[in-house]
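K.L.:
Below are the sequence and a predicted model for it; my questions follow.
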Amino acid sequence: MISKTLDVKKKNIRISNSKKFTIVSYGCQMNVSDSEVVASILKSIGYIYSHNISDSELVLLNTCSIREKAEQTVRKKLESLKSIKKINKNFKVGVLGCMAERLKEKFLEEEKIVDLVVGPDAYRDIPNLLKEIEYGNDAVNVLLSKDETYGDINPSRFNTNGINAFVSIARGCDNMCTFCIVPFTRGRERSRDPKSILAEIYDLVENGYKEVTLLGQNVDSYLWFGGGLKKDFNKASDIQKKTSLNFSKLLDLVAKNFPKTRIRFTTSNPQDINDTVLTTMAKHDNICNHIHLPVQSGSDRILKKMNRKHSSKEYLNLVNKIKKIIPDCGISHDMITGFPGETENDHLDTLNLMNKVKYDFGFMFKYSERPGTLAARKFEDTVKEEVKQKRLSEIIDLQLKHSFENLAKYIGFNSNVLIEKESKKSHDHWCGRNPQNIMVVFPKENFKIGDYAVVKILTNTSTTLIGKAIKNYKE
Ligand code: SAH
Ligand code: F3S
């Protein structure tokens, strides 16, 4: 490794000629998981991960396009990288992920600092693209794939606590919710070979990981029949159909093979989750009792305009079924306010639905028009910004109230917690999650990260349970 020190504006800035790289991930967990795949690819050609951007020769931003604000955050980051590029000509900037896919070659024109643009299905091409940059050529690959799942690549977990890991089981989305950019940026749905999923989890467990979260845009619609797009399942041979593996079978397989490992999964689309998934969850102690079940709106009229495939009544029936089969199941949601044409009545329907479900927590957003989506083409973004904001505040307030009430019910009871990290607010406290995915904070005592603790809950806020550990509950 050769490195030299330049005196720039009287500040010592170290510029390294070694092949160090950094990846910054924005947006969903899938991006975190993809960044680990990219890190593995870069390592295989001699790059070394660094936490420090100004120390790196290559910085990759794994971007998100889900809302305009997410894209603005990335553009601001690009702006901030300009000062490094000015003093280090070797410093290369790449954009990966959904914004790369959405903007394609345009990215190179719009953001002069960008050297490399790679879409979510083209990461294997990064070594070649890096060579193209060296030759002074444009380096863009945004081809989407029918069967790329990166199943054979063992992700390099460069930013890990050694306890929790994401395991990607499917890519893409065929649902075409009218507001959503994901089907355009991540392509059609395809599932990963279960053998490679099990092999990855085996490796994680061998290395001391205690919890895996199975990831997919719609995990419940996982379907392995030998590879290829999910929409081509009907064209598969009889033997492929007979030996196919759906999500509940995969979940069962994972839970059985790794009985000491906590299993989570996300995200569940209400239209795909079925009874067998619920009974499989109920059957296995190591599958965490939490379902993230985005609903987006409580109004049937809006759900239809969003191309969601269920009514509010069907959704509520599903919630009741979950509570019947898994009585202590945590349920969370995603909600959008101000979808085109949303009236005050539609908004009231959303508040009503929330009052019926009483979610444990949720992620709530103002509608953000995404170019090229069906909603952007068909519907005008009519709801005024102040109205979107007011409705958003109302649903957030209601959610905080429900969260507080739900969390207060834990007081006096014990929760099983896997210790993940130090509490942000206190060096003397650990922080972990209970099976319902609620944060639990308690004094460290003799426990360490990765331990399982039984914590007696003493008090709560609307986001956190606070208690005292009474014993280890495993090993
Ligand atoms: N199934 C996916 C959903 C991805 S998007 C998953 O893996 O989570 C996450 C959430 O962002 C969606 O559930 C939706 O609530 C929100 N979202 C998507 N597109 C949006 C838009 N155009 N404006 C505002 N919120 C949006
Ligand atoms: Fe987006 Fe709907 Fe798929 S929210 S990711 S199109 S399920």
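P.N.:
Received it, and whenever you're ready, just let me know what you need. Ligands and ions are numbered 1, 2, ... in the order given.
K.L.:
Residue ranges of each domain in this protein, please.
P.N.:
Domains of the chain are assigned by automatic domain parsing as 8-141, 160-288, 414-472.
K.L.:
who in the chain is up against ligand 2?
P.N.:
173, 175-177, 180, 182-183, 217-218, 269 (C-beta under 6 Å from any ligand atom). Any C-beta I mention is one placed from the backbone N, CA and C, and that applies to glycine too.
K.L.:
circling back to that earlier point, include distance to L400 and mean pLDDT when you put the domains of the chain into a markdown table, please.
P.N.:
Formatted as a markdown table, the domains of the chain follow (distance: least, C-beta to C-beta, whole Å; pLDDT from 0 to 100):
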| stretch | distance to L400 | mean pLDDT |
| --- | --- | --- |
| domain 8-141 | 21 | 91 |
| domain 160-288 | 22 | 97 |
| domain 414-472 | 5 | 96 |
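K.L.:
where do the strands sit along the stretch 201-350 of the chain?
P.N.:
Along the stretch 201-350 of the chain, the segments classed as strands by DSSP state E, counting those that start in this stretch run 211-215, 223-224, 245-246, 262-266, 290-292, 330-337.
K.L.:
and these as CSV, adding mean neighbour count?
P.N.:
Formatted as CSV, these follow (neighbours: other C-beta atoms under 10 Å):
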stretch, mean neighbour count
strand 211-215, 21
strand 223-224, 21
strand 245-246, 18
strand 262-266, 22
strand 290-292, 24
strand 330-337, 22
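K.L.:
Kindly state which of the ones you listed is positioned closest to ligand 1.
P.N.:
strand 330-337 (3.3 Å; C-beta to the nearest ligand atom).
K.L.:
Tell me how many other residues crowd the residue of the stretch 351-475 of the chain found nearest ligand 2.
P.N.:
Residue nearest to ligand 2 within the stretch 351-475 of the chain (C-beta to the nearest ligand atom): T373, separated by 9.0 Å. With neighbours defined by other C-beta atoms under 10 Å, the count for T373 comes to 19.
K.L.:
what residues are up against it?
P.N.:
Residues in contact with T373 (C-beta atoms under 8 Å, 6 or more residues apart in numbering) are 178-181, 184.
K.L.:
would you turn these into CSV with neighbour count, secondary structure and distance to D252?
P.N.:
Below are the contacts of T373 laid out as CSV (neighbours: other C-beta atoms under 10 Å; DSSP: H, G, I helix; E, B strand; the rest coil; distance: C-beta to C-beta, whole Å):
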residue, neighbour count, secondary structure, distance to D252
T178, 19, coil, 34
F179, 24, coil, 34
C180, 22, coil, 30
I181, 24, coil, 33
F184, 18, helix, 33
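K.L.:
Give the closest residue to L251 in space, chain neighbours not counted.
P.N.:
T280 (5.1 Å; C-beta to C-beta, 6 or more residues apart in numbering).
K.L.:
Tell me if I'm right that the one you found and I287 touch.
P.N.:
Yes. Here T280 reaches I287: they are 7.0 Å apart, a contact under C-beta atoms under 8 Å.
K.L.:
Three-state assignment for the closest residue to L229 other than its chain neighbours, please.
P.N.:
Excluding the flanking residues, the one nearest L229 by C-beta to C-beta, 6+ apart is R188, at 4.8 Å. Under DSSP: H, G, I helix; E, B strand; the rest coil, the three-state class of R188 is coil.
K.L.:
ok, so what distance separates R188 from ligand 2?
P.N.:
11 Å (C-beta to the nearest ligand atom, to the nearest Å).
K.L.:
Would you map the helices across the stretch 51-200 of the chain?
P.N.:
68-87, 97-103, 106-110, 126-134, 182-186, 194-206 (DSSP state H, counting those that start in this stretch).
K.L.:
Not counting its own residues, what contacts the longest one?
P.N.:
Surrounding helix 68-87, the residues in contact under the criterion C-beta under 8 Å, 6+ apart are 6, 8, 13, 15, 24, 26-27, 53-54, 59, 61, 63-65, 91, 93, 95, 99, 111, 113-114, 368-370.
K.L.:
okay if I get the residues of the chain next to ligand 2 as TSV plus distance to ligand 1?
P.N.:
Formatted as TSV, the residues of the chain next to ligand 2 follow (distance: C-beta to the nearest ligand atom, whole Å):
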residue	distance to ligand 1
C173	6
N175	8
M176	12
C177	7
C180	4
V182	6
P183	10
Q217	4
N218	6
N269	6
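K.L.:
Buried ones only from those, please, as a ChimeraX command.
P.N.:
Buried residues within the residues of the chain next to ligand 2, by 16 or more other C-beta atoms under 10 Å, are selected in ChimeraX with:
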select :173,175,177,180,182,183,217,218,269
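K.L.:
Distance to D346 added to the residues of the chain next to ligand 2, as JSON lines?
P.N.:
Shown next, in JSON lines, are the residues of the chain next to ligand 2 (distance: C-beta to C-beta, whole Å):
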{"residue": "C173", "distance to D346": "24"}
{"residue": "N175", "distance to D346": "21"}
{"residue": "M176", "distance to D346": "21"}
{"residue": "C177", "distance to D346": "16"}
{"residue": "C180", "distance to D346": "19"}
{"residue": "V182", "distance to D346": "23"}
{"residue": "P183", "distance to D346": "24"}
{"residue": "Q217", "distance to D346": "25"}
{"residue": "N218", "distance to D346": "25"}
{"residue": "N269", "distance to D346": "21"}
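K.L.:
Now E369. Nearest residue, chain neighbours left out?
P.N.:
Per C-beta to C-beta, 6+ apart, closest to E369 is D381, 4.6 Å.
K.L.:
What sits closest to S65 if chain neighbours are left out?
P.N.:
That would be C98: by C-beta to C-beta, 6+ apart, it lies 3.9 Å from S65.
K.L.:
Share the number of residues neighbouring that neighbour, please.
P.N.:
C98, neighbours per other C-beta under 10 Å, totals 28.
K.L.:
Repeat that for the one 4 residues further on.
P.N.:
By other C-beta under 10 Å, 20 other residues sit near R102.
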